[in-house]
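Novice: My questions concern the predicted model and sequence given below.
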Amino acid sequence: MSTASYVPPTKGTSTKDFKETIAAAPRAKILKDAFLRFRYADGFSFARAMGFQVVLTVIPGMIFVVALTVRLGEGRMQSLLRESATTLAPGPASEIFLRALEQGSSAGRANLIAIVAGGLAALISGVGGMSQLQRGANRIYGMLGDRPTLRRYGLATALTLSAGLLLSSAFLLIVLGSNLVGGLQGDVAGVWAWARWPIGVTTLTLGLAGLFKVAPNRRQPVFSWLTLGGGVAVVGWLLVSIALSLYLNASTAFGETYGPLAGFIGVMLWAMLSSVAIFYGLAVAAQVESERAGITSPTSEASEEVST
């Protein structure tokens, strides 16, 4: 149940209105109130649920991709994924991806099974994750109702096959970008090594803003109003990935404590914290619109009474 304040749809919003709203409300206040909105909307619970679905999507998704490249005889993609598996997730988590690569590299009848089973598992889990995103988005905007079941899962399927693939491609561009163009040399290779970062980050920001545009069951403002939240989500995801990678790679106690489960725990932790960053970015977008509507408090009257 959400106790975040309701954000009524605003009319006549434009990029100019967005700039005026940001200028009138201090950014530090917006970020602080957005965290309160996220917390009162039970954002951590939705982030845990979506993080679990992310793990169930990524691992069979890798099996599907590798099995498909084996079927098509595309050896370069297989080698790229193998060489870069350790950078797809922090520390011991890479072991999970290496095992997924082994599963996808099977041949013959097992290859067809890997393609079908991996594809279906990734799609079903992705749809579940997008459904959680919709429900969490509604609570962040202070709405207790959701779309009807068929509409919600139909939209979740469309988002998985569109925005989900776009975000995955942008993620791979950042992580594997330096290896994707191995034929480049000299200054061109140097330019690409730096250019992939702004291209990937911009694509991630626009992709998340697109999700924020569609996920809540309400009329959203123009696209520019959602880019700040998308940018905050991307920055949060990068900080989470870098910090967690440094910790897990530097901490030998992590692997010793969890043993064979270290890889799975690492992937789960990374996915959950990344989901927190996404929902917090959505809360930032909601709070900006709330400021424009004159509702400066991120919590409803009921939550304020409980807190006092």
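Specialist: Received it, and whenever you're ready, just let me know what you need.

Novice: any residues touching stretch 25-38, and which ones?
Specialist: For stretch 25-38, the surrounding residues in contact (C-beta atoms under 8 Å, 6 or more residues apart in numbering) are 4-5, 22, 140, 232, 279-280, 283-284, 286-288, 290-291, 296-299. C-betas here are computed from N, CA, C, even on glycine.

Novice: again, only using 10 Å
Specialist: Contacting residues not belonging to stretch 25-38 are listed as 2-5, 7, 21-22, 43-44, 46-47, 136, 139-142, 228-229, 232, 276, 279-288, 290-292, 296-299, 303, 307 [C-beta atoms under 10 Å, 6 or more residues apart in numbering].

Novice: Might you list the low-confidence residue ranges for the stretch 201-308 of the chain?
Specialist: 248-256, 258-263, 301-308 (pLDDT under 70).

Novice: can you do 50?
Specialist: Along the stretch 201-308 of the chain, the model assigns pLDDT under 50 to residues 302-308.

Novice: one step back: buried members of the contacts of stretch 25-38 into ChimeraX, please.
Specialist: For the buried members of these, the matching ChimeraX selection, counting by 16 or more other C-beta atoms under 10 Å, is:
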select :2,3,4,5,7,21,22,43,46,47,136,139,140,141,142,228,229,232,276,279,280,281,282,283,284,285,286,287,288,290,291,292,298,299,303
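
Novice: In strands only, show me the contacts of stretch 25-38.
Specialist: Among these, none falls in strands (DSSP state E).

Novice: helix, strand or coil for the nearest residue to Ser14 once chain neighbours are set aside?
Specialist: Sequence neighbours aside, Val222 is the residue nearest to Ser14 in space, at 6.3 Å (criterion: C-beta to C-beta, 6 or more residues apart in numbering). Of the three states, Val222 takes coil under DSSP: H, G, I helix; E, B strand; the rest coil.

Novice: and the gap between Val222 and Lys11?
Specialist: Using C-beta to C-beta, to the nearest Å, Val222 is found at 11 Å from Lys11.

Novice: And Val276, by the same measure?
Specialist: In terms of C-beta to C-beta, Val276 sits 32 Å off from Lys11.

Novice: Comparing Val222 and Lys11, which shows the higher neighbour count?
Specialist: Per other C-beta atoms under 10 Å, whichever of Val222 and Lys11 has more neighbours is Val222, with 13 against 8.

Novice: wait, isn't that one in contact with Lys213?
Specialist: Yes: taking contacts as C-beta atoms under 10 Å, Val222 lies within contact range of Lys213: 9.0 Å.

Novice: what about Thr227, neighbour count?
Specialist: For Thr227, the neighbour count with other C-beta under 10 Å is 18.

Novice: Next up, the contacts around the nearest residue to it once chain neighbours are set aside.
Specialist: Leaving aside its chain neighbours, Thr227 sits nearest to Ala209 (5.0 Å; criterion: C-beta to C-beta, 6+ apart). Residues in contact with Ala209, defined by C-beta under 10 Å, 6+ apart, are 163, 220, 223-231, 233-234, 281-282, 285.

Novice: and if you look at Val232?
Specialist: 30-31, 34, 205, 208, 277-278, 280-285.

Novice: A helix includes Pro216, no?
Specialist: No: when classified by three-state DSSP, Pro216 is found to be coil rather than part of a helix.

Novice: which strands and helices sit next to the helix or strand where Gly129 lies?
Specialist: Applying DSSP states H and E as the criterion places Gly129 in helix 109-140. Applying 3 or more C-beta pairs under 10 Å, 6 or more residues apart in numbering; DSSP states H and E, one finds that helix 109-140 contacts helix 27-40, helix 43-72, helix 94-104, helix 149-159, helix 165-180, helix 186-214, helix 262-292.

Novice: Columns distance to Leu123 on top of the ones you listed, output as a markdown table?
Specialist: Output for the helices and strands packed on helix 109-140, formatted as a markdown table (distance: least, C-beta to C-beta, whole Å):
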| stretch | distance to Leu123 |
| --- | --- |
| helix 27-40 | 28 |
| helix 43-72 | 8 |
| helix 94-104 | 16 |
| helix 149-159 | 8 |
| helix 165-180 | 11 |
| helix 186-214 | 17 |
| helix 262-292 | 17 |
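
Novice: So which of these is the most surrounded?
Specialist: Highest mean neighbour count among the helices and strands packed on helix 109-140 (mean count of other C-beta atoms under 10 Å): helix 262-292, with a mean of 24.

Novice: quick one: that helix to helix 186-214, angle?
Specialist: 60 degrees (axes from the mean of the first three to the mean of the last three C-alpha atoms, to 10 degrees).
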